[in-house]
Structures are given as structure tokens and as C-alpha cells.
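Engineer: need a structure here:
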Amino acid sequence: MSYDFHVGQKVVCIDDKFKHVSIDQLIRKGTIYTIRWVGEYTHYVDGTFIGVKLEEIHRGNDDGPEGYGAADMPYRASRFRPLVKDKIASLRKLLAPTPDAPVEPKVKVKKTEKV
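Structural biologist: Down below sits the predicted model:
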């Protein structure tokens, strides 16, 4: 999955479920947030992932009974999607050719006539 997130961008939460975690993680599905940080993050239990920190939420130190000692740990970027104002333009972007995509040569087909 590709992430085109940047600081200041509005995103909407699409996944607020955390398996095996009983402490409220503060994000809510369908809620709009603003990104204040985006980058690669390595967590000793969850591994390395692209994460985002949100303007609206400062998680503080994760030192509770289920905590891992991380300070203001980011959320996985996969829990969010960019807020799209112009949905048609975003769909057109999907159809636009990318520089890395190979261009297929056009082949002319000769028509044959039956006599």
C-alpha cells in the first residue's frame, strides 16, 4: 500500500479496532484528524511501520499496565485515508499513467478483404 500523507493533511480514520488491547486508543472510525507527523516508526513488539501522529491527539507516555514505554507513539498510517474533497479528481488520478508503467506499443492491424 502506498501512503501519500503529509503534515497538515486532513485524514479520516477507517480502523479504530485494536486487537488484544483493552485501553482506549482515542481514535474513532469516521472522525477527521490532522497529521502533525508522518514517518517510519519501529516498535519492539509491532515492528516497523509507517506511522502518523495527529494534531488532535497527544498519546503521552505508553507506560500503563499494557504499555510498552513508548512516548507519544504514532498510529499505523493504514488506519487512515486522506480526506478527499474532489472524489472524481482522485479517481482520475488512478487512471493517469505513471512514469514507471511500461507503455504498450500500438500495433496496427491490416484489414484483409475477401474477394
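Engineer: lowest-scoring secondary structure element of the chain by mean pLDDT?
Structural biologist: helix 87-95 (a mean of 71; mean pLDDT, DSSP states H and E).
Engineer: nearest residue to Ala71 other than its sequence neighbours?
Structural biologist: Asn61 (5.3 Å; Cβ to Cβ, 6 or more residues apart in numbering). Backbone N, C-alpha and C define where each C-beta goes, glycine included.
Engineer: His58 contacts Ala71, doesn't it?
Structural biologist: No. Contact criterion Cβ atoms under 8 Å: His58 and Ala71 do not qualify, at 10.1 Å.
Engineer: got the contact list for the helix or strand Arg81 falls within?
Structural biologist: Using DSSP states H and E, Arg81 sits within strand 80-82. With Cβ atoms under 8 Å, 6 or more residues apart in numbering as the contact definition, strand 80-82 has outside contacts at Asp4, Phe5, Gln9, Lys10, Val11, Val12, Cys13, Ile14, Tyr33, Val52.
Engineer: buried ones among these?
Structural biologist: Burial by neighbour count, 16 or more other Cβ atoms under 10 Å: within the contacts of strand 80-82 this picks out Phe5, Gln9, Val11, Cys13, Tyr33, Val52.
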